[in-house]
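Undergrad: Whatever this is, show me its structure:
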Amino acid sequence: MSVYSERLAKLKKDIKAIESARKKKRWKPNQKIVIDFVNGVSKNAVFLINDQKVILRLGDNKKGFKHIIERHYCKGCPGELETLDIINITEVFSRGLKLNNIGVSNTNLEVYQLNKNGKILKLVLDSKKDGELIVTFYNI
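TA: A predicted model of the protein is given here:
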C-alpha cells in the first residue's frame, strides 16, 4: 500500500470519527466539498470564495492534494496538518492574508496565510489565465 493510500485511509477514518462525535451538526458547504472530494464523491473540489473559483485537484507528489497528504498529513512531518486543517482548507483563502510574492520564483503563485489558534497555516495557489486558482501547497 502506498504512503498516499495509507494516509488517505487514515484521513477518511478520522473524518468519520469527527462526524460521529459532532452530534448531528452539519458541515459548512466548503467543508462538505472537501469531505466529498476526500471520499471520492467528486473528482475535484471546486469552491467559490469571494467571487473567486478555487480548485483542489489530486495533483502529484509535488503539488495538489496528493502532495498535501503525502508530505504534511502525518505526525512529525514538516508542516504537519491535522484532519480539521484539511477539512477547513478554504478558511486560509477566505479569512487569511495575501502575502507578497517575495521569494517566490513563479509569479503565477499566490500565497495566503492564516493564524488560527496559534497555528500559522499557509496556502499556495497557482493563478491560471482563466482566473481559476489551483491549490498547489498547504501546510503550517
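Undergrad: low pLDDT regions in this structure?
TA: Low-confidence segments of the chain (pLDDT under 70): 101-104, 140.
Undergrad: now the end-to-end length of stretch 125-136.
TA: Using C-alpha to C-alpha, to the nearest Å, one end of stretch 125-136 lies 6 Å from the other.
Undergrad: how about it: buried residues?
TA: 125-126, 133-136 (16 or more other C-beta atoms under 10 Å). Any C-beta I mention is one placed from the backbone N, CA and C, and that applies to glycine too.
Undergrad: can you check stretch 72-86 too?
TA: So for stretch 72-86, counting by 16+ other C-beta under 10 Å, buried means 72-73, 81, 83, 85-86.
Undergrad: now could you export just the CA positions of that stretch as CSV?
TA: What follows is stretch 72-86, C-alpha atoms only, in CSV (Å, rounded to 0.1, in the frame of the first residue of the first chain):
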residue,chain,number,x,y,z
HIS,A,72,2.1,17.1,5.5
TYR,A,73,-0.6,14.7,6.9
CYS,A,74,1.4,12.7,9.5
LYS,A,75,2.7,13.2,13.0
GLY,A,76,6.1,14.9,12.9
CYS,A,77,6.0,15.8,9.2
PRO,A,78,7.4,19.2,8.2
GLY,A,79,4.3,21.5,8.1
GLU,A,80,2.2,18.9,9.9
LEU,A,81,-1.5,19.2,9.2
GLU,A,82,-4.4,17.7,11.2
THR,A,83,-7.7,16.4,9.9
LEU,A,84,-9.6,19.6,10.7
ASP,A,85,-6.9,21.7,8.9
ILE,A,86,-7.6,19.8,5.7
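Undergrad: Any chance you could list what contacts it?
TA: 7, 10-11, 14-15, 18, 34, 38, 68, 71, 119, 121, 138-140 (C-beta atoms under 8 Å, 6 or more residues apart in numbering).
Undergrad: Would you check how far apart Val41 and Glu82 are?
TA: From Val41 across to Glu82, the span is 22 Å (C-beta to C-beta, to the nearest Å).
Undergrad: His67 too?
TA: Distance from His67 to Glu82, by C-beta to C-beta: 17 Å.
Undergrad: can you pull out the strands in this protein?
TA: 45-49, 52-56, 97-99, 109-116, 119-127, 133-139 (DSSP state E).
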